[in-house]
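S.K.: Everything below, folded, please.
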Amino acid sequence: MTSKLFMKLCATVVMVGSMMSAHAGDTIIWRGWTDFGSCNRVKWYKDDLGIRWPTNESVGQTVSAEIYLARTVDEIAKNRLMSCALKGVIAAGSTALITSGASAWPAFKVTFDACLTSEGLVQFLTDNISIRHESKCNW
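M.R.: You can find the predicted model right below:
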């Protein structure tokens, strides 16, 4: 995922369910969405004289994302992981607003890993924590 996209997602920090579905065996530890710029396209129309004219169309773009662990865990661990993920998202969003978007993912990872350690969840440090994202133009 691009750092610019991650920066925008983290800056919004919206804890809502998205329309995305988890893969079997995955544990979703954070979900969010944000409006992300606009989608543009050139559309051609023909006037009464048969002359073609370009016009620019622009609509909003929505990005949904989820941070997930590629295995299942019990509810207690899932809640603690979600808490750590939220702390990481807040840290990443703050970092992205202050610095460049390239700093967002490292800020997330450092904060998330520190939280896992303090919560006694060090067994998840080596697990595959990943992001799935999807963008949609609202045509």
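S.K.: Nearest the geometric middle of this protein, what residue?
M.R.: Here the mean C-alpha position of the chain is nearest to the C-alpha of residue 65 (Cα atoms, centre = their mean), at a distance of 3.6 Å.
S.K.: I'd like to know how far the residue nearest to residue 45 when sequence neighbours are not counted sits from residue 36.
M.R.: Nearest non-adjacent residue to residue 45, counting by Cβ to Cβ, 6 or more residues apart in numbering: residue 53, 5.8 Å away. Quick note: C-beta positions are derived from backbone N, CA and C, even for glycine. Distance, residue 53 to residue 36, by Cβ to Cβ, to the nearest Å: 29 Å.
S.K.: Looking at those two now, which is surrounded by more residues?
M.R.: Neighbours around residue 53 and residue 36, counted as other Cβ atoms under 10 Å, are more numerous at residue 36. The numbers are 19 against 9.
S.K.: those strands in the protein, which residues are they?
M.R.: Here the chain has its strands, by DSSP state E, at 27-46, 52-69, 129-137.
S.K.: per-residue confidence at the residue lying farthest from the centre of the chain?
M.R.: When each C-alpha in the chain is compared with the mean C-alpha position (Cα atoms, centre = their mean), residue 49 comes out farthest, at 47.8 Å. Looking at residue 49, its pLDDT stands at 92.
S.K.: Just list the residues touching it, thanks.
M.R.: By Cβ atoms under 8 Å, 6 or more residues apart in numbering, the contact set of residue 49 is empty.
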